[in-house]
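Peer 1: test case, fold it:
(chains A and B)
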Amino acid sequence: SQQGEEDPQALSIQEGENATMNCSYKTSINNLQWYRQNSGRGLVHLILIRSNEREKHSGRLRVTLDTSKKSSSLLITASRAADTASYFCATVAPSGNTPLVFGKGTRLSVIA
Amino acid sequence: DAGVIQSPRHEVTEMGQEVTLRCKPISGHNSLFWYRQTMMRGLELLIYFNNNVPIDDSGMPEDRFSAKMPNASFSTLKIQPSEPRDSAVYFCASSFGSFGEQFFGPGTRLTVL
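Peer 2: Numbering: from 1, shown residues only, chains lettered A, B, ... in the order given. The predicted structure follows:
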């Protein structure tokens, strides 16, 4: 299965701290994507990292990918209350024929 | 661009009634996805289309569920007859190609009484 599995299931931190979420998957990938979902809303794409990339940055987000361990991590630096949301990873198979399969997500709470 | 548009945003119906959910993907996108999200099961892919053709409907729970995409700018997900266990938030998403990011609509919250 291409399904990503996020860890931890829930994370609570203070505003200003860094938040790290992890994702593991089982088979080869073309790319791995991270999404955010605010309560009651649709998912929003955050960042895509390709299988030949090891690290990618976007603002306060840093994503790493270790294809040998089949794992990825999402780091949010200097967290804000507005970062409170669920975060999902999902992978795309090399063929591209299998669509994204999402895990159950990590619920992040940032306390002001 | 208005993004992915879904209607209705909320639907409350009684068991046994037919429910039709609608989605307008982003113009130019050629892949469309229907998802269902519940607390118990998380986000589940129901079906996806590529160039208006259904590619994989293995996630459709039962024959009560059907989906169509008559053209590149419109898709429907129909439940007939509806049951209380169908209560969930249904999302539509679109993308350009199979590899890229998906753009999600705001979802339809369905409650079947």
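Peer 1: who's in contact with the residue in chain A that chain B sits nearest to?
Peer 2: Scanning chain A for the residue nearest chain B gives A:Gly42, at 3.3 Å (criterion: C-beta to the nearest C-beta). Every C-beta, even on glycine, is put in place using the N, C-alpha and C of the backbone. For A:Gly42, the contact set (C-beta atoms under 8 Å, 6 or more residues apart in numbering or on different chains) comprises B:Val4, B:Phe91, B:Ala93, B:Phe104, B:Gly105, B:Pro106, B:Gly107.
Peer 1: recalculate using a threshold of 10 Å.
Peer 2: A:35, B:3-4, B:6, B:35, B:37, B:89, B:91-93, B:102-107 (C-beta atoms under 10 Å, 6 or more residues apart in numbering or on different chains).
Peer 1: next: B:Lys78.
Peer 2: B:Glu18, B:Val19, B:Thr20, B:Leu21, B:Arg22, B:Arg64, B:Phe65, B:Ser66, B:Ala67, B:Lys68.
Peer 1: buried set for stretch A:25-33?
Peer 2: For stretch A:25-33, burial by neighbour count (16 or more other C-beta atoms under 10 Å in any protein chain shown) applies to A:Tyr25, A:Ile29, A:Asn30, A:Asn31, A:Leu32, A:Gln33.
Peer 1: JSON lines for the residues you listed, including pLDDT?
Peer 2: Formatted as JSON lines, the buried residues of stretch A:25-33 follow (pLDDT from 0 to 100):
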{"residue": "A:Tyr25", "pLDDT": "92"}
{"residue": "A:Ile29", "pLDDT": "90"}
{"residue": "A:Asn30", "pLDDT": "90"}
{"residue": "A:Asn31", "pLDDT": "91"}
{"residue": "A:Leu32", "pLDDT": "93"}
{"residue": "A:Gln33", "pLDDT": "94"}
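Peer 1: please convert these to CSV, extending it with secondary structure and distance to A:Leu75.
Peer 2: Below are the buried residues of stretch A:25-33 laid out as CSV (DSSP: H, G, I helix; E, B strand; the rest coil; distance: C-beta to C-beta, whole Å):
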residue, secondary structure, distance to A:Leu75
A:Tyr25, coil, 18
A:Ile29, coil, 20
A:Asn30, coil, 23
A:Asn31, strand, 18
A:Leu32, strand, 14
A:Gln33, strand, 16
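Peer 1: want to throw these into TSV with distance to chain B?
Peer 2: Output for the buried residues of stretch A:25-33, formatted as TSV (distance: C-beta to the nearest C-beta, whole Å):
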residue	distance to chain B
A:Tyr25	15
A:Ile29	10
A:Asn30	6
A:Asn31	6
A:Leu32	11
A:Gln33	6
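Peer 1: in chain B, what residue is nearest chain A?
Peer 2: Closest residue of chain B to chain A, C-beta to the nearest C-beta: B:Phe104 (3.3 Å).
Peer 1: just the pLDDT for the closest residue to that residue other than its chain neighbours.
Peer 2: Excluding its sequence neighbours, the residue lying closest to B:Phe104 (C-beta to C-beta, 6 or more residues apart in numbering or on different chains) is A:Gly42, at 3.3 Å. Per-residue pLDDT puts A:Gly42 at 91.
Peer 1: correct me, but B:Glu18 touches B:Gln80?
Peer 2: Yes: using C-beta atoms under 10 Å, B:Glu18 is in contact with B:Gln80, at 4.2 Å.
Peer 1: burial of A:Tyr35, as a residue count?
Peer 2: Counted with other C-beta atoms under 10 Å in any protein chain shown, the neighbours of A:Tyr35 add up to 23.
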